[in-house]
Each structure stands twice: as C-alpha cells, then as structure tokens.
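1. here is the input, now give the coordinates:
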Amino acid sequence: MEQTENTTHFEEFDALHVTALSRDYLLSASKWSRILAILGFIGVGFMLLAGVFFVFASNFFPTSQEVPMPFPMSFLGIIYFAIAAIYVYPLISLWRFANQTEKGVNKKDSLTLEHGLMNLGTFFRFLGIMSLVIIGIYILSFIGLAIFGVMV
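-> Numbers count the residues shown, from 1 in each chain. Okay, here's the model as predicted:
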C-alpha cells in the first residue's frame, strides 16, 4: 500500500507543467544570467591582467624603503590568479544554466531544462559555501585581532 502512495506521488510530480508565464520567467532569468556570466568572465580577464601586471611589475619597480611591503609584488599577482581561478567555476555553472534553460524551454525538452536548473543549483551551492568560508575567515580574523592586538 505504501508503494501505491509513492507511485501516485511521483506520477503527480511528473505531471508538472510549465505555464506560459513560468516559461517567460525562465527565459528572462536565462538571459540575465548570460549577461552576468559574460560580465563575470570579463572581470576574470581583468583579474588575470592585473595578476600578470603585479608579477612582472615586481621586476620593474624597486622596493621602496619609505613604504616597505611585507611581501613581494609578485605574490599579489599570484593571489589575483587564485581568485580568478575560484571565480571561473561558478561563472561556468551560470553560463550553462543560461544556455541549457533557454534551449530546454524553447525546444520543450524537460531533460535539458532539468540540467539547466541543476547548474543553477550548483551555482548557488558554490556561492553559499564560499560565503560561509569568507564569514568564517572574518570571524577568525576578528578573533586573531582581538588576541594578538591586545599583545601589541
């Protein structure tokens, strides 16, 4: 009897239909997602250029004794490369969401639409995890500042 209830539940769920208004919202979301992904890829390109600048600028600008840096400028370039690499993964997920959702809605292909929505979930999961990691870093920084700031 329990299996009959589950089967009925799944049959009802498989009968989900996308209304015309939902279709318009999905297409609008895919277009804006594509724009944001393109802007993100452009931003990653600028970050990579900045990273290259900092790596090579360390050779051309001598270190000043007036304002000493705690680390070489090339290290800053490496940090820019790392941040750009981290940004690429969610941008690819956003790009895939935009393309697959538009394709799935226009061709009325539920499997392609499902893959698009899966990529949207991947995008938000990554953003959520990165937000928690950054909040954790802030908390540890404040704790470290409170502990070591008192000692100085």
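
2. report the helix or strand with the lowest average pLDDT across this structure.
-> Ranking every helix and strand in the chain by mean pLDDT, DSSP states H and E puts helix 2-14 at the bottom, with a mean of 51.

3. beyond that one, next helix or strand please.
-> helix 20-60 (DSSP states H and E).

4. can you name every helix or strand that the helix or strand following that next one contacts?
-> Of the helices and strands lying after helix 20-60 in sequence (DSSP H and E), the nearest is helix 73-107. When contacts are defined as 3 or more C-beta pairs under 8 Å, 6 or more residues apart in numbering; DSSP states H and E, helix 73-107 sits against helix 20-60, helix 110-151. Placement of C-beta: from N, CA and C, glycine included.

5. between those, which one is closest to residue 87.
-> helix 20-60 (5.2 Å; C-beta to C-beta).

6. measure the residue nearest the centre of the chain to residue 32 for me?
-> With distances taken as C-alpha atoms, centre = their mean, the chain has residue 90 as the residue nearest its mean C-alpha position (3.0 Å). Per C-beta to C-beta, to the nearest Å, residue 90 is found 15 Å from residue 32.
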